[in-house]
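Participant: using only what follows, build the 3D model:
(one chain, ligands or ions: 2)
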Amino acid sequence: MENDNFDVIVIGAGPAGYVAAIRCAQLGLKTACIDNWTNQQGEPSPGGTCLNVGCIPSKALLESSALYAQTQSGLEQHGISVGAPEMNVKTMQSRKDAVVNKLTSGIGQLFKANKITFVHGKGRVLPSRQVAVMDLKSGKINNTLVGKNVIIATGSTPIELPGFKFDHKKVLDSADTLALKSTPEHLLIVGAGVIGLELGSVWARLGAKVTILEAMDTLLPMVDAQVAREAARQFKKQGLNIILGARVSTYTANKSSVTVDYELKGESVQIDADKIAVMVGRKANLDGVLAPDCEIETSPQGKIVVNEYCQTNAPGVWAIGDVVRGPMLAHKGSEEGVLVAESIASGKTFSLDLECIPSVIYTHPEIAWIGKTEAELKEAGTDFNKGHFPFAASGRAQASGHTDGMSKVLSDKKTDRILGTHIIGEHASELLAEAVFAMQYQGSAEDLGRTIHSHPSLSEALKEAALNVHKEAIHKMN
Ligand code: FAD
Ligand code: NAD
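Facilitator: Ligands and ions are numbered 1, 2, ... in the order given. Presented below is the predicted three-dimensional model:
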């Protein structure tokens, strides 16, 4: 490399790292980004988990499988009859791969356009903001870069359960489950979290019997209880068999299937399936990232310790995204990337409001929320008002036939400031954006309720929920 000194060296080109690198370059900083992701063709594939085996491919499969399910049973009411649809899983997977390739090569183009030095290799942080780069083929260090600043954005990897080592054939991780070449007859998923529910939905829609074993006694404990109840009802209707309070212990591999042993209410139970997909969370990826003498502090949970500004204990070394505290979400990592870049460029420090990060589960219906749930507010002793509005009372929902779901707004009893918004229903992911904006700028339920919304639109269901906070909804008994 011509000159190995940079203003900023970013390790990892996931949504945290690549966004940080682009923003640094936009702000005039000489930037390098090192990433080790290699695609099936053996080529670099920047974009991290999100673009390669996470957000994007899962949403591509959710879209294809939803279209298939809708064609099977959602069209008659519109007067449309088609023969029984056939699903070509290979074509669906090729489409997904093409989407991924388009987006990952787009990152490469953005790097070039912003004059970012991209290095395909494995980075290791040494003392004094030096980063050793390991060649991925030889495993040898072939370069050492020096940065005025280093941003660690090495992401996360799936957690493995003891006794369920990923063999990628019978015991699958989320990436394997996204890449299945045919629909399994019976897919057993361990973990009814976000990934288990999204990928379980995909394969159930395509005709697999899907059983999900969840260790907790409650489904989606982080979600508002009313929303979680509605979700459970909908998932049951869709044939997802979710077994709560189930603890897997071992499995036996048969010739073309597996037998899994689990405990349920003190009883031992056995279940046969084609494959086991383990989706029980993700852990920060620090594999070989920190040389011991760089003395960067990590937490007992194995994450890099940072302050509110994403600074580590080592001067000039920052960390962002899944590798640090906070929810493991692409948009959270990207925003941290922007604020760290701006902190470096300006010499000032900026922080992210971790309370103001939206979450979405892309099942059908979608589940989207921001801020506090009713239970959390009660536990904190906060006085609040609540308003909700069922999609069934929305003209647009009736016209489109997507009447399942509701939106709910929680606001502070004294100030009316919005403290939480919860939506389950069609396009909940898009509808939530307005509530995020309102919360970000400390908006009130009245602000949301008095804002003019296009008619007919599903967004009116959110406006009406906000109006219902003060018992002023128009299309519902308050
Ligand atoms: P990553 O995306 O993991 O990127 C880290 C990058 O660093 C990788 O390319 C990795 O190879 C590279 N790297 C690691 N170590 C080194 C090293 N030593 N040297 C060089 N490079 C290195 N989040 C959402 O917000 N919305 C969703 O819909 C969503 N869906 C998901 C679906 C699935 C199936 C999964 C698994 C995750 C999903 N997530 C979703 C989570 C999201 O993918 C992560 O939160 C996000 O990718 C984290 O971004 P990151 O940049 O911190 O890390
Ligand atoms: P998760 O934390 O959402 O869910 C894991 C589930 O597994 C939990 O319900 C947990 O109780 C259960 N579990 C843990 N150990 C178990 C055991 N031994 N037996 C049975 N169940 C067990 O984790 P995930 O679904 O793997 O997702 C990982 C991360 O990726 C999450 O932090 C999530 O935010 C992110 N992600 C986000 C999206 C999205 O934004 N739509 C989609 C996918 C993933």
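Participant: what's the following helix or strand after the biggest helix by length in the chain?
Facilitator: Ranked by residue count, the top helix of the chain under DSSP state H comes out as helix 89-113. Note on helix 89-113: by DSSP states H and E, the next helix or strand toward the C-terminus is strand 117-120.
Participant: centre of the chain to that next one, how far?
Facilitator: Taking CA atoms, centre = their mean, to the nearest Å, one finds strand 117-120 lying 26 Å from the centre of the chain it belongs to.
Participant: what pairs with that strand, and is each one parallel or antiparallel?
Facilitator: Here strand 117-120 is paired, per DSSP bridges, with strand 31-35 (parallel).
Participant: run the angle between the strand it pairs with and helix 89-113 for me.
Facilitator: Relative orientation of strand 31-35 and helix 89-113, computed by axes from the mean of the first three to the mean of the last three CA atoms, to 10 degrees: 150 degrees.
Participant: can you show me the CA trace of stretch 327-334 as CSV?
Facilitator: Taking Å, rounded to 0.1, in the frame of the first residue of the first chain, the C-alpha atoms of stretch 327-334 are listed here in CSV:
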residue,chain,number,x,y,z
PRO,A,327,-29.6,-3.8,20.6
MET,A,328,-28.1,-5.8,17.8
LEU,A,329,-29.7,-3.9,15.0
ALA,A,330,-28.3,-2.6,11.7
HIS,A,331,-29.8,0.9,12.0
LYS,A,332,-28.4,1.3,15.5
GLY,A,333,-24.9,0.4,14.3
SER,A,334,-25.2,2.7,11.3
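Participant: look up how far ligand 2 lies from the residue most central in space within the chain.
Facilitator: In the chain, the residue lying closest to the centroid (CA atoms, centre = their mean) is residue 329, at 4.7 Å. Plainly put, residue 329 is 5 Å away from ligand 2 if you go by CB to the nearest ligand atom, to the nearest Å. Glycine gets a C-beta too; all of them are placed from N, C-alpha and C.
Participant: what of residue 77?
Facilitator: Noted for residue 77: a distance of 29 Å to ligand 2, by CB to the nearest ligand atom.
Participant: which residues of the chain lie near ligand 2?
Facilitator: Contact residues, the chain versus ligand 2 (CB under 6 Å from any ligand atom): 161, 190-196, 198, 213-216, 247-248, 279-282, 327-329, 360-362.
Participant: quick check on those residues: which are buried?
Facilitator: By neighbour count, with 16 or more other CB atoms under 10 Å, these hold 161, 190-196, 198, 213-214, 248, 279-280, 282, 328-329, 360-362 as buried.
Participant: also near ligand 1: which of those residues, exactly?
Facilitator: Within the set of those, contact with ligand 1 (CB under 6 Å from any ligand atom) is found for 195, 328, 329.
Participant: helix or strand: which one has the second one?
Facilitator: Think residue 328. Going by DSSP H and E, residue 328 is not in any helix or strand.
Participant: need the nearest residue in space to it, chain neighbours excluded.
Facilitator: Leaving aside its chain neighbours, residue 328 sits nearest to residue 322 (4.5 Å; criterion: CB to CB, 6 or more residues apart in numbering).
Participant: pick out the residue in the stretch 51-200 of the chain sitting closest to ligand 1.
Facilitator: residue 155 (2.1 Å; CB to the nearest ligand atom).
Participant: how many residues are close by that residue?
Facilitator: Using other CB atoms under 10 Å, residue 155 has 27 neighbouring residues.
Participant: now swap in residue 332 and tell me
Facilitator: Per other CB under 10 Å, the neighbour tally for residue 332 reads 22.
Participant: what's the closest non-adjacent residue to it?
Facilitator: Closest residue in space to residue 332, ignoring its immediate chain neighbours: residue 357 at 5.1 Å, by CB to CB, 6+ apart.
Participant: any idea how far the residue of the chain found nearest ligand 2 lies from residue 279?
Facilitator: Nearest residue of the chain to ligand 2: residue 193, at 1.7 Å (CB to the nearest ligand atom). Distance of residue 193 to residue 279, computed by CB to CB, to the nearest Å: 6 Å.
Participant: and for residue 215?
Facilitator: Residue 215 is 12 Å from residue 279, where distance means CB to CB.
Participant: repeat for residue 292
Facilitator: According to CB to CB, residue 292 stands 32 Å off from residue 279.
Participant: could you do residue 205 as well?
Facilitator: Note on residue 205: its distance to residue 279, by CB to CB, is 17 Å.
Participant: where are the low-confidence patches of the chain?
Facilitator: Scanning the chain for pLDDT under 70 picks out the ranges 1-3.
Participant: can you give me the domain boundaries for it?
Facilitator: Following automatic domain parsing, the chain resolves into domains at 5-158+283-354, 171-280, 365-468.
Participant: of these, which is nearest residue 474?
Facilitator: Of all the domains of the chain, domain 365-468 sits nearest to residue 474, with 6.8 Å by CB to CB.
Participant: how far away from the center of its chain is that closest one?
Facilitator: With CA atoms, centre = their mean as the basis, domain 365-468 stands 21 Å off its chain's centre.
Participant: for stretch 34-51, same thing?
Facilitator: From the chain centre to the centre of stretch 34-51 is a distance of 18 Å (CA atoms, centre = their mean).
Participant: and it, how far apart are its ends?
Facilitator: 16 Å (CA to CA, to the nearest Å).
Participant: equivalent analysis for stretch 280-294, please.
Facilitator: 31 Å.
Participant: buried stuff in it?
Facilitator: Neighbour counts over stretch 280-294 (16+ other CB under 10 Å) mark 280, 282, 283, 284, 285, 286, 289, 290, 294 as buried.
Participant: cool, and stretch 309-317?
Facilitator: Of the residues in stretch 309-317, 310, 311, 312, 314, 317 count as buried by neighbour count, 16+ other CB under 10 Å.
Participant: a markdown table for these, including secondary structure and distance to residue 228?
Facilitator: Shown next, in a markdown table, are the buried residues of stretch 309-317 (DSSP: H, G, I helix; E, B strand; the rest coil; distance: CB to CB, whole Å):
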| residue | secondary structure | distance to residue 228 |
| --- | --- | --- |
| 310 | coil | 32 |
| 311 | strand | 37 |
| 312 | coil | 36 |
| 314 | coil | 41 |
| 317 | strand | 40 |
